[in-house]
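Student: Prediction below, plus the sequence it came from.
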Protein chains: 2
Amino acid sequence: MVERGGSGVPGGRRKQRVSMADVAKLAGVSSQTVSRVSNGHPGVISSTREQVLAAMRELGYRPNSAARALRYGQFNTIGVILFSLSSTGNSRTVEAIATHAAAEGYATTLIPIDVPTQDNVLGAFTRMGELAVDAVIVIMEIHLLDTGTVQLPPGVHVVVVDSDAGDRYSVVDTDQADGARKAVRHLLDLGHRTVWHVTGPQESFAGQRRAQAWRAVLGEAGRPVPPALYGDWSAASGYEAGLVLPEPPDCTAVFAANDQMALGLLRAFHERGLSVPYDVSVVGFDDIPDAGFFVPPLTTVHQDFAEVGHRCVQKALEQIRAQTEARPGTDLVPTTLVVRGSTAPPSV
Amino acid sequence: MVERGGSGVPGGRRKQRVSMADVAKLAGVSSQTVSRVSNGHPGVISSTREQVLAAMRELGYRPNSAARALRYGQFNTIGVILFSLSSTGNSRTVEAIATHAAAEGYATTLIPIDVPTQDNVLGAFTRMGELAVDAVIVIMEIHLLDTGTVQLPPGVHVVVVDSDAGDRYSVVDTDQADGARKAVRHLLDLGHRTVWHVTGPQESFAGQRRAQAWRAVLGEAGRPVPPALYGDWSAASGYEAGLVLPEPPDCTAVFAANDQMALGLLRAFHERGLSVPYDVSVVGFDDIPDAGFFVPPLTTVHQDFAEVGHRCVQKALEQIRAQTEARPGTDLVPTTLVVRGSTAPPSV
DNA sequence: TGACAGCATGTTTACGTAAACATGACGGCG
DNA sequence: CGCCGTCATGTTTACGTAAACATGCTGTCA
């Protein structure tokens, strides 16, 4: 391949990118015609089109998306701000977002926040303004955002996941409360007198909602409400909780705020010589792929992360296309209870 | 806020974006001076700088990254092509990529491939050419890529994860073989006569490597090589395998190619009334966060996904900065064996 | 036959930024 | 006192694309 000589660029780094002008020159047409071919516009006679396509192939032409974005004022990109990708649901939500966005011709840009301090979140939002993004999906406890200082750049649309900010933002979330209700009611229906609860981290909105619902169901049913045990989503914290829970018949049923903590519980009970589900019933939340293979298989609340991601993209695209501001409101994705082997009527 | 009147744009959608020219007009300077302030260039007297900054604040100016990218010929973005984000390690690798990229001022764009057919991969690569990306990290069995038809756009740098394509691409991967060796040796050292193996999917490069190493270690030690049981990474497939493995003393040790299949094994053995580790020892691979809370806690090979992601970014940035083509070669990240409660000397 | 519609294609311009070059004022030194 | 270097700032231009407008040719119908 020969170094292009005609380029007026003096010395240094040669230009690697093939532009429309290059294609146009080779095909012997104007760059506008190349543009029309490139975008499939009508009004190009087929012989010309063929010539242009041939030139494109020969030079390996690819449209420059920066120039396109500049021209159109759009990036065809959705940004996702998140704290951690490792947390159970996030990666599945993000995957769904990326897949659906791709199907709509949008790319997905990740904006990770290593430590969820106010400063970092703020920084991410600031950076985001400079980022090539048409809309942003925030997967994070929203209370980190709303100290008032954080100003979203205008023209950027926002959808939020896992949050109580439905009054200010457009929110999509799993119906945490309903899921938790299903879990607790299932245990009560089996005949348990009451249900213990291992919570998520206290600053987690999802965790709070699950705990609230747990408390509410017990209250409505007139059952005693045992003290909550505080976990942090990790199996380790579930294990810790499992070691300090009282023996049956004081505790015959536990609702863990997620599956990993439920796993920790299972291990703790196993070590204590308590049989699940005969001595103690355990219900989790999330329905991670492995949940069916715990010992025993875990009864849990299934979250449809894919649907959450899907709706996020829908909402974001709606906003982009309609040029609307985020319409506040919360969109709840329903859950289902998956009954497996970790729950049974109390044996006492 | 008042609709700007001076804009020559007729009718329709008003321009939302504030440009340097707007800031310049308000501050009473040229747009070049605004550019200098925006980029922290020297040679702007502080009073002028203040004026410009004030104007920026007042108008809410944010640099337009499309224009920047066009000017610089760079996007400050790394693309990640992947098949699934849900697979154990991928989400952690991607998270590490995103974090390290962000630290270097690069955004991370996800290019998901829903079904790993040749067509789709090809499509992703084609799209990628149009995508605003300076380098690409491919997390995927590479053999899907190299039928020869797939042509990477020139000027895009590539790093590959989980592949044997070290002769053509720059590859970063966990040292699969060494990890598997450690697992098998650990079991032999405990006194087991031989070790059974539940593999990953046959088209997985990582799975192949682990299986090869397993076979090699047994061969070197002069032990019989039992038939491999074929799994697909899922706990379900591990469970299936666990149901058909022979009773001790024919089978006293199993090496599962990942932790989820090991989990399935544990459940199968539990159902069969076999005690782990007294009747059968089990070793996994990955060291997922929950592995320590399986029943019993799983002995497994720890993969440093974060390091893999880190090195990917390093390599990608090296290529971008040096304007070098991908230097072929494989960079292996070491593993560690984490011994927990699922392995013990054979009781027979 | 001439005017005009319709169509393929070319030319101009703008998108927002920043490098390269131009300008002009001021101060120091011969 | 005048020349020139330095420094703050302005002006021009190019990056690649595509809309808007311009051009020129062909064929048709009055």
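Tutor: Alright, I've got the coordinates. Numbering: from 1, shown residues only, chains lettered A, B, ... in the order given.
Student: Isn't A:N120 up against A:I113?
Tutor: Yes - here A:N120 reaches A:I113: they are 4.9 Å apart, a contact under C-beta atoms under 8 Å. (Each C-beta comes from the backbone N, C-alpha and C, glycine too.)
Student: Please say which of those two ends up with more neighbours.
Tutor: Residue environment comparison for A:N120 versus A:I113 gives the larger neighbour count to A:I113, 23 against 15, counting by other C-beta atoms under 10 Å in any protein chain shown.
Student: I'd say A:A96 and A:H310 touch.
Tutor: Yes - in terms of C-beta under 8 Å, A:A96 counts as a neighbour of A:H310; the distance is 5.6 Å.
Student: Look at the two and report which has more neighbours.
Tutor: When A:A96 and A:H310 are compared for neighbours, A:A96 comes out ahead with 23 against 20, by other C-beta under 10 Å.
Student: So the more buried one belongs to a helix, correct?
Tutor: Yes - checked against DSSP: H, G, I helix; E, B strand; the rest coil, A:A96 lies within a helix.
Student: Distance check, it against B:P112.
Tutor: Remark: distance between A:A96 and B:P112 (C-beta to C-beta, to the nearest Å) = 9 Å.
Student: Same check on A:A124?
Tutor: Shown here: A:A124 relative to B:P112, a distance of 22 Å by C-beta to C-beta.
Student: secondary structure element for the residue positioned nearest the centre of chain A?
Tutor: Centrality entry for chain A: nearest residue to the mean C-alpha point is A:T93, 3.4 Å, by C-alpha atoms, centre = their mean. Here A:T93 is covered by helix A:88-103, with elements defined by DSSP states H and E.
Student: where does A:R210 land in three-state SS?
Tutor: In the three-state summary, A:R210 is assigned as helix, counting by three-state DSSP.
Student: and it, how many neighbours does it have?
Tutor: Using other C-beta under 10 Å, A:R210 is surrounded by 27 other residues.
Student: For A:E240, give me its contacts.
Tutor: With C-beta atoms under 8 Å, 6 or more residues apart in numbering or on different chains as the criterion, the residues that contact A:E240 are A:G231, A:G264, A:A268.
Student: Report pLDDT for it.
Tutor: What the model reports as pLDDT for A:E240 is 97.
Student: Give me the distance between it and DNA strand C.
Tutor: When C-beta to the nearest atom of the strand, to the nearest Å is applied, the distance between A:E240 and DNA strand C equals 52 Å.
Student: show me where pLDDT drops low in chain A?
Tutor: For chain A, applying pLDDT under 70 flags the ranges A:1-16, A:116-118, A:122, A:125-130, A:141-155, A:326, A:348.
Student: Do you have the helices of it handy? List them.
Tutor: Listed in chain order, the helices of chain A (DSSP state H) span residues A:20-27, A:31-38, A:46-59, A:65-72, A:88-103, A:118-130, A:176-189, A:205-220, A:235-244, A:259-271, A:305-322.
Student: outside of the fifth one, which residues touch it?
Tutor: Yep, that's helix A:88-103 we're talking about. In contact with helix A:88-103 (C-beta under 8 Å, 6+ apart) are residues A:78, A:80, A:82-85, A:107-108, A:110, A:137, A:139, A:161, A:174, A:233, A:258-260, A:286, A:288, A:303, A:305-310, A:312-314, B:84-86, B:90-91, B:110-112, B:114.
Student: Give me the buried subset of those.
Tutor: A:78, A:80, A:82-85, A:107-108, A:110, A:137, A:139, A:161, A:174, A:233, A:258-260, A:286, A:288, A:303, A:305-306, A:308-310, A:312-313, B:84-86, B:90-91, B:110-112 (16 or more other C-beta atoms under 10 Å in any protein chain shown).
Student: Next, count neighbours for the residue nearest to A:K182 when sequence neighbours are not counted.
Tutor: Setting aside the residues directly before and after it, A:K182 is nearest to A:L337 in space (C-beta to C-beta, 6 or more residues apart in numbering or on different chains), at 4.4 Å. Other residues near A:L337 number 17, with proximity taken as other C-beta under 10 Å.
Student: go on, A:S46?
Tutor: 7.
Student: so what's A:G329 bridging to?
Tutor: Applying DSSP bridges to A:G329 gives these bridge partners: A:S170.
Student: Does it touch A:R168 like I think?
Tutor: No - with contact defined as C-beta under 8 Å, A:G329 and A:R168 do not form a contacting pair (10.2 Å).
Student: Going by how many neighbours each has, rank these two and give me the top one.
Tutor: Of the pair A:G329 and A:R168, A:R168 is the one with more neighbours under other C-beta under 10 Å, namely 15 against 12.
Student: pretty sure that one is touching A:R327, no?
Tutor: No - the pair A:R168 and A:R327 fails to qualify as a contact (C-beta under 8 Å) at a distance of 10.8 Å.
Student: Look up how far A:L131 lies from the residue of the stretch 201-348 of chain A found nearest DNA strand D.
Tutor: DNA strand D sits closest to A:R321 of the stretch 201-348 of chain A, with a gap of 16.2 Å, by C-beta to the nearest atom of the strand. Distance, A:R321 to A:L131, by C-beta to C-beta: 20 Å.
Student: Which one's more surrounded, these two?
Tutor: Neighbours per residue (other C-beta under 10 Å) separate A:R321 from A:L131, with A:L131 holding more: 22 against 11.
Student: Ramachandran coordinates for whichever residue of the stretch 101-250 of chain A sits closest to DNA strand D?
Tutor: Proximity of the stretch 101-250 of chain A to DNA strand D (C-beta to the nearest atom of the strand) peaks at A:G105, 12.9 Å away. Its backbone dihedrals place A:G105 at phi 80, psi 20, with angles given as degrees, to the nearest 10.
Student: Quick one: name the residues of chain A near DNA strand C.
Tutor: By the rule C-beta under 7 Å from any atom of the strand, the part of chain A lying against DNA strand C is A:28-33, A:36, A:42-45, A:47-49, A:67, A:70-71, A:73.
Student: of those residues, buried ones?
Tutor: Among these, the ones that count as buried (16+ other C-beta under 10 Å) are A:V29, A:S31, A:T33, A:R36, A:V44, A:R49, A:L70.
Student: Touching, the fourth one and A:L53? I think so.
Tutor: The reference is to A:R36. No - shown here, A:R36 and A:L53 do not form a contact pair, counting by C-beta under 8 Å, at 11.8 Å.
Student: which residues do the two both contact?
Tutor: Contacts common to A:R36 and A:L53, judged by C-beta under 8 Å, 6+ apart, are absent.
Student: near chain B, which residues of the stretch 1-150 of chain A show up?
Tutor: Neighbours of chain B within the stretch 1-150 of chain A, by C-beta under 8 Å from any C-beta of the partner chain: A:13, A:15-17, A:60, A:62-67, A:69-70, A:73, A:75, A:77, A:84-86, A:90-92, A:94-95, A:98-99, A:102, A:107-112, A:114, A:129-132.
Student: DNA strand D next: which of those residues are close?
Tutor: Okay, of the residues of the stretch 1-150 of chain A next to chain B touching DNA strand D (C-beta under 7 Å from any atom of the strand), that's A:K15, A:R17, A:P63, A:N64, A:A67, A:L70.
Student: contacting residues for the last one?
Tutor: When contacts are counted by C-beta under 8 Å, 6+ apart, A:L70 is found next to B:N64, B:A66, B:A67, B:L70.
Student: If anything else comes up later, I'll come back, but that's it for now.
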